[in-house]
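Asks: I would like to see how this sequence folds:
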Amino acid sequence: MGTSLRLFVAVYPPAETVAHLRSLAAAHPSLPPGVFTPAEQVHLTLLFIGDSHENRLSDISESVRRSCAGICPFSLRVESLGTLPHKGSKRLLAAMVSSPPPLIELQRRLSHRLARRPHAKRGEEFCPHITLYRFRPQAPNDVGVARAPHGGEAASCDRIEFEVQHVALVRSVITDAGAEHRTLESFPLV
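Replies: Next comes the predicted model:
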């Protein structure tokens, strides 16, 4: 038989960026009850692949490698803190990041090669964000945090920027203590 792996492709910001973002989120005056994303798990998801049979791992890895081919390192800028999803009950507080052409192209390639539904329905566009805090289900619908990209830039996010030099293929493993992220392979951008 074989093992099913829960996979995603991600960018992990440097530790100092993560620490800065977590401190901004913690300082927000109206955070509802919830839980912070563990520092080592703070990431930008490029594509959630989902459950995949382990015998597909080498093909998936090759698809990620090919998707990265020819994309040079690029910078991401944090534009604001915002709540998601944009419609309906808010579930999380995230750092909304810029969408430079290399990021959009990389996500497009990954989606084309690996997504189960490569053509998203209207309203399911890629929304680059880094989840910092998840609300408990009974949390209020509006926590008074500026939402991007529709405006409301947070002055405290000015000049938070980091370089993306590689992309990670990650396995999410559910344990009694919660999810663990295990990087299976890292792909340099050159």
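Asks: run through the bridge partners of the residue most central in space within the chain.
Replies: Nearest to the mean C-alpha position of the chain, by Cα atoms, centre = their mean, lies residue 44 at 2.3 Å. Note on residue 44: beta-bridge partners by DSSP bridges are residue 11, residue 130.
Asks: ok, now which ones touch it?
Replies: Residues near residue 44 by Cβ atoms under 8 Å, 6 or more residues apart in numbering: 10-13, 76, 97, 128-130. Using the backbone N, CA and C atoms, a C-beta is placed for each residue, glycine as well.
Asks: please identify, among the residues you listed, the one with the most neighbours.
Replies: Tallying neighbours with other Cβ atoms under 10 Å puts residue 97 at the head of the contacts of residue 44, with 27 neighbours.
Asks: OK, contacts around it?
Replies: So residue 97 contacts 44, 76-79, 128-130 (Cβ under 8 Å, 6+ apart).
Asks: pLDDT and distance to residue 179 for these - can I get that in a markdown table?
Replies: Output for the contacts of residue 97, formatted as a markdown table (pLDDT from 0 to 100; distance: Cβ to Cβ, whole Å):
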| residue | pLDDT | distance to residue 179 |
| --- | --- | --- |
| 44 | 98 | 16 |
| 76 | 98 | 23 |
| 77 | 97 | 27 |
| 78 | 97 | 23 |
| 79 | 95 | 27 |
| 128 | 97 | 21 |
| 129 | 97 | 18 |
| 130 | 98 | 16 |
